[in-house]
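[1] here's a sequence, model it:
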Amino acid sequence: MALMRALIVAVMSLSACGFTPNGLVPGDDGGGRDGDDGDGVEPTHDAAPALDAPGPTLDAPGPALDARPVDAGGAIDAGGDPYCTGTGLVACFRMNQASGPPIDGVTPPLGSAVGNGANYQAGCHGTALDLGAGVVVRTNEPTPSLAKLTVMAWVKLDTAPALAAGRRFWFDADNEWGLSFQGRLDGQVDVQCQVLQSGGRFPWVTATLASATSWNHVACSFDGNRLRLFLNGAKTEVDPSDGDIQSVSDQGVQIGRDGVDQSTGFVDGLIDDVRIYDRRVPDNDIEDAAADACP
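    Numbering: from 1, shown residues only. A predicted model of the protein is given here:
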């Protein structure tokens, strides 16, 4: 995400000018907005940066696998799996196959335009995609591009990344939106969701993940108004200027790799139960998904 990376580098270079030690901008809610979004929860505001401101296979011994139905090829049958149905669901990758690129359980499928080096290990529910160097997964581009958004998945890193490792993307819809993470000096991990709006606005929301090497449910939603990040069901949100996500790319969504740093920007870890929507999924539905905890 060329534009996103340039902005992030610019913001990080000004870390001595108003940023708190954990990398968040001390902010306000912009004033004049009603803080209640209808769910009865008063939002916390993580200020958006100003543009000019500082395992086993399915048939191998191992942990018990998810009992949801699979077809003979190991792909989830969307017609028999409620997990891969729902209003506005444009992609659903259960990762419950034995080999090959991730298979989209939505009908019609968005699918994987590219899926190289894909292997699977015991996951959160069934098996999970084993991310790492050389694993290249990219979806076809949603049509139309996503103006509203919800993306969610179960994730687990091999090791807590060092700060020097830089930012890594679980999802990168190049120059449109992304869900990423970066290590901190204290060993914890900051997770960030960001979108691009018309006029060059680039809001993001950040929260801290305490145990990156455990299974965690991560989710981000955007409805043209508030940008929300969920870590294991706990919400942090910002209230940027109104406006849909700007459509500038036709490269699809990278899973587990930075769309710009394609030779080095890989995630080391596992990802499971990926879902992408073209709408804001209600907060309580995301909380319910996170409550379906990994064994």
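[2] helix, strand or coil: sort out C220 for me.
    Here C220 is recorded as strand under DSSP: H, G, I helix; E, B strand; the rest coil.
[3] make 31 the starting number, not 1.
    Let's use 31 as the start, then, which means that last one is C250.
[4] contact partners for it?
    L179, T180, V181, M182, W207, L209, C223, V235, L257, R258, L259, F260 (Cβ atoms under 8 Å, 6 or more residues apart in numbering). To be clear about C-beta, it is placed using only N, CA and C from the backbone, and glycine gets the same treatment.
[5] same thing but 6 Å
    V181, L209, C223, L259 (Cβ atoms under 6 Å, 6 or more residues apart in numbering).
[6] for A143, same thing?
    Contacts of A143 (Cβ under 6 Å, 6+ apart): R168, N170, G282.
[7] of the residues you listed, which belong to strands?
    If you go by DSSP state E, those have R168 in strands.
[8] can you redo the contacts of A143 as a markdown table with neighbour count, pLDDT and distance to H155?
    As requested, those are exported to a markdown table (neighbours: other Cβ atoms under 10 Å; pLDDT from 0 to 100; distance: Cβ to Cβ, whole Å):
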| residue | neighbour count | pLDDT | distance to H155 |
| --- | --- | --- | --- |
| R168 | 22 | 90 | 23 |
| N170 | 18 | 86 | 25 |
| G282 | 22 | 83 | 25 |
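[9] out of the contacts of C250, who's the most crowded?
    With neighbours defined as other Cβ atoms under 10 Å, the most crowded of those is C223; it has 29 neighbours.
[10] for this structure, name the helix or strand with the lowest mean pLDDT.
    helix 32-43 (a mean of 38; mean pLDDT, DSSP states H and E).
[11] give me the residues contacting the very next helix or strand once past it.
    Sequence-wise, the next helix or strand downstream of helix 32-43 (DSSP states H and E) is strand 119-123. Residues outside strand 119-123 that contact it (Cβ under 6 Å, 6+ apart) are 114, 132, 134-136, 140, 169, 172, 304-308.
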